[in-house]
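1. below is the structure, and that's it, no one-letter string:
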């Protein structure tokens, strides 16, 4: 394979933070293959699709690719149930549209759980790389058990800024969170999480089964 193009269809724009993680996973197997990525921004369409299978169809129409990642947060569902939901939607989309190879991406419970492990990246994204405030990260093995990793991450980001309360209120924490994965070079600690390990196994199987690493 000379080049790989992938598209990420996600629940919302905040989940674009998954893209550096997906690129890292692909690069672990496709060391010398250039990787081009697109985030499926369907909100800009005149009539954005609502159903997941319709979103899949429109994503590959507007953002053609070799590999489609379909993201859903687990939230209160199980990893297996979400993966089944994604698989069913892909199958339904494929009845009328040519769908490329597709992989479900299901962080447990949500994307932010996969960003709660690198203190330096959080400090950098918060704009205070030399900060000394203690960042109380949860143990990595517990990340899938957090009831609301988004709230936990946002609170830690605000702490990491070192700003006083008045200036904290003006800090764009949502945009800052998007920067965290850009400062992480190694996502291998996430292999301690079953949902991440499952994703890596499926990425590896897809690459191997289709001879992309030859």
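-> Yep, that arrived. Bear in mind the structure is a predicted one, so any value in this text is a computation, not a measurement. Numbers count the residues shown, from 1 in each chain.

2. count of neighbours near residue 137?
-> Look at residue 137: counted by other C-beta atoms under 10 Å, it has 15 neighbours. C-betas here are computed from N, CA, C, even on glycine.

3. hmm, residue 156 and it touching each other?
-> Yes. If you go by C-beta atoms under 8 Å, residue 137 and residue 156 touch, sitting 7.2 Å apart.

4. so where do the helices sit in the protein?
-> 19-29, 52-62, 79-93, 119-125, 149-161, 165-168, 173-179, 194-209 (DSSP state H).

5. and the third one, what does it pack against?
-> Think helix 79-93. helix 52-62, strand 67-71, strand 101-105, helix 194-209 (3 or more C-beta pairs under 8 Å, 6 or more residues apart in numbering; DSSP states H and E).

6. over to the second one?
-> Packed against helix 52-62 by the contact rule (3+ C-beta pairs under 8 Å, 6+ apart) you find strand 4-9, strand 67-71, helix 79-93.

7. swap the cut-off to 10 Å and go again
-> In terms of contacts (3 or more C-beta pairs under 10 Å, 6 or more residues apart in numbering; DSSP states H and E), helix 52-62 is packed against strand 4-9, strand 35-39, strand 67-71, helix 79-93, strand 101-105.

8. and what of the last one?
-> In terms of contacts (3+ C-beta pairs under 10 Å, 6+ apart), helix 194-209 is packed against helix 19-29, strand 67-71, helix 79-93, strand 101-105.

9. could you check the angle that helix makes with strand 67-71?
-> Interaxial angle, helix 194-209 versus strand 67-71 (axes from the mean of the first three to the mean of the last three C-alpha atoms, to 10 degrees): 170 degrees.

10. give me the contacts around the helix or strand of the chain at the bottom of the mean pLDDT ranking.
-> Least confident helix or strand, the chain: helix 165-168 with a mean of 83, by mean pLDDT, DSSP states H and E. Defining contact as C-beta atoms under 10 Å, 6 or more residues apart in numbering, one finds that helix 165-168 is touched by 157, 158, 159, 161, 162.

11. then stretch 197-210?
-> With C-beta under 10 Å, 6+ apart as the test, stretch 197-210 has contacts from 1, 4, 18, 21-22, 24-26, 28-30, 33, 66-67, 69, 79-80, 83, 101-108, 114, 187-188, 190-191, 193, 212-214.
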